[in-house]
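*Asks:* requesting a structural model of the entry that follows:
(chains A, B and C)
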Amino acid sequence: MPWKGIKDPYKIWLSEIILQQTRVEQGMAYYERFIGNFPSVDLLANATDETIFKLWEGLGYYSRCRNLIHTARHIHNNLGGVFPGTMAGLLSLKGVGDYTAAAIGSFAFGLPQAVVDGNVLRVLARYFGINNPVDETAGKMLFGKLAQDLIDLNQPAKYNQAIMDFGATVCKPMQPRCFECHFNKTCVANKEKKQSEYPVKSPKKQPRSRWFYYLVLEHQNNLLVIQRKDKGIWKDLHEFFLKEELSATDESLIFEAGYWGIPGLSIDVGNAVLSDEFIHILTHQRIYGRFLHVRIDQKVEIDGYTWLSSNEIDKIAFPRLITKYLEMKEA
DNA sequence: AACTCGGGGGG
DNA sequence: CCCCCAGAGTT
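*Replies:* Predicted coordinates:
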């Protein structure tokens, strides 16, 4: 990784926020882009929300971006542009939890704090044969204490980096390389051939299904857009006029102006194109999306919505469901 | 304690 | 289809 060995707390913080619940391969390009645009926390703090969200577009978990902006400005405005060097100080930053505080603390400041991420949980659960679910309170306590007992207090950064690298390359989730593992003689999971049974996790609930019908209104190359403000999925990102349904809606109904409930709207079938269904799979939701693109001659105004040129559209962030649609429409 | 929050990649 | 990812915040 490009930031390995780096001690700049800003770069470590940025990389760790980007990598929360995100694979290194996926986050890498985003990290490079952010550092290229904002080499310091002060430059990040002075950027506009839209600029930053646009750079984050497509990475998901957008509250991370919101907290990133908040924390950058907090450090710039209230802390003189200097990151806190204690665990308590780091934990007080929005978006910085136990893992990220330990990562910044050990890597940037040499604090003797053990990181506990998905890699560490898997390594410890397998090696010691721990059956406690890692996502329950008791399990988190147990693994946190164990990790802290094991850390090499003389070189915490090196230890933390090593155990995560080990989990990512040897003690992998699938097909762990036990045959060449230094610990295969004493590892409980390997001895019992139960590598796949660790770590134990509590059962996850099944995702809910939602049906999103978007009306893409176009007037003289401008599109009608709104920013999602309600808490929930895609908060702060932009979208088109949305009607959400609890089940699939018939095509013929979608073409009727009355379906959308917009005063003054009329849909000429000759100027309307209905997309195929986009199936957008998330961890906790299945979203079925369809887009009705309508060119109108008579401009309508809707409370909260804004007409934007394609130039302006390019500067704001959309969820992947919508960028995929836009990319399809371009082609 | 349970829920919510994105998106992508691999088997 | 399933899994999981250098987790954190809210309810």
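*Asks:* give the contact list for the residue in the stretch 201-331 of chain A that DNA strand C sits nearest to.
*Replies:* Relative to DNA strand C, the nearest point of the stretch 201-331 of chain A is residue A:283 (5.2 Å; Cβ to the nearest atom of the strand). Any C-beta I mention is one placed from the backbone N, CA and C, and that applies to glycine too. Residue A:283 makes contacts with residue A:207, as judged by Cβ atoms under 8 Å, 6 or more residues apart in numbering.
*Asks:* check it and give its pLDDT.
*Replies:* If you check residue A:283, the pLDDT there is 94.
*Asks:* try the one 10 residues further on
*Replies:* Residue A:293 is assigned 98 on the pLDDT scale.
*Asks:* then residue A:3?
*Replies:* pLDDT recorded at residue A:3 is 64.
*Asks:* ok, now the one 10 residues further on?
*Replies:* Model confidence at residue A:13, given as pLDDT, is 98.
*Asks:* need phi/psi at it.
*Replies:* phi -60, psi -50 (degrees, to the nearest 10).
*Asks:* skipping adjacent residues, who's closest to it in space?
*Replies:* residue A:104 (5.5 Å; Cβ to Cβ, 6 or more residues apart in numbering).
*Asks:* helix or strand for the one you found, which one?
*Replies:* According to DSSP states H and E, residue A:104 maps onto helix A:98-109.
*Asks:* what comes up buried for that helix?
*Replies:* Across helix A:98-109, burial judged by 16 or more other Cβ atoms under 10 Å covers A:98-109.
*Asks:* now, which of the residues you listed sits nearest residue A:173?
*Replies:* residue A:99 (17.4 Å; Cβ to Cβ).
*Asks:* next up, the contacts around the closest one.
*Replies:* With contacts defined as Cβ under 8 Å, 6+ apart, residue A:99 is in contact with A:16, A:20, A:115-117.
*Asks:* now do residue A:153
*Replies:* Per Cβ under 8 Å, 6+ apart, neighbours of residue A:153: residue A:112.
*Asks:* what secondary structure does it sit in?
*Replies:* For residue A:153, the secondary-structure state derived from DSSP: H, G, I helix; E, B strand; the rest coil is coil.
*Asks:* surely residue A:109 meets residue A:9?
*Replies:* Yes: the pair residue A:109 / residue A:9 is scored as a contact, 7.2 Å apart, by Cβ atoms under 8 Å.
*Asks:* between those two, what contacts are shared?
*Replies:* Common contacts of residue A:109 and residue A:9, defined by Cβ under 8 Å, 6+ apart, comprise residue A:85.
*Asks:* the closest residue to residue A:6 other than its chain neighbours: which element?
*Replies:* Leaving aside its chain neighbours, residue A:6 sits nearest to residue A:12 (6.6 Å; criterion: Cβ to Cβ, 6+ apart). Residue A:12 belongs to helix A:9-18 when assigned by DSSP H and E.
*Asks:* that helix - contacts with which helices or strands?
*Replies:* Based on contacts counted as 3 or more Cβ pairs under 8 Å, 6 or more residues apart in numbering; DSSP states H and E, the elements that helix A:9-18 packs against are helix A:24-37, helix A:41-45, helix A:63-78, helix A:98-109.
*Asks:* and among those, the most buried is which?
*Replies:* helix A:98-109 (a mean of 23; mean count of other Cβ atoms under 10 Å).
*Asks:* tell me what angle that helix forms with helix A:9-18.
*Replies:* Here helix A:98-109 runs at an angle of 160 degrees relative to helix A:9-18 (axes from the mean of the first three to the mean of the last three Cα atoms, to 10 degrees).
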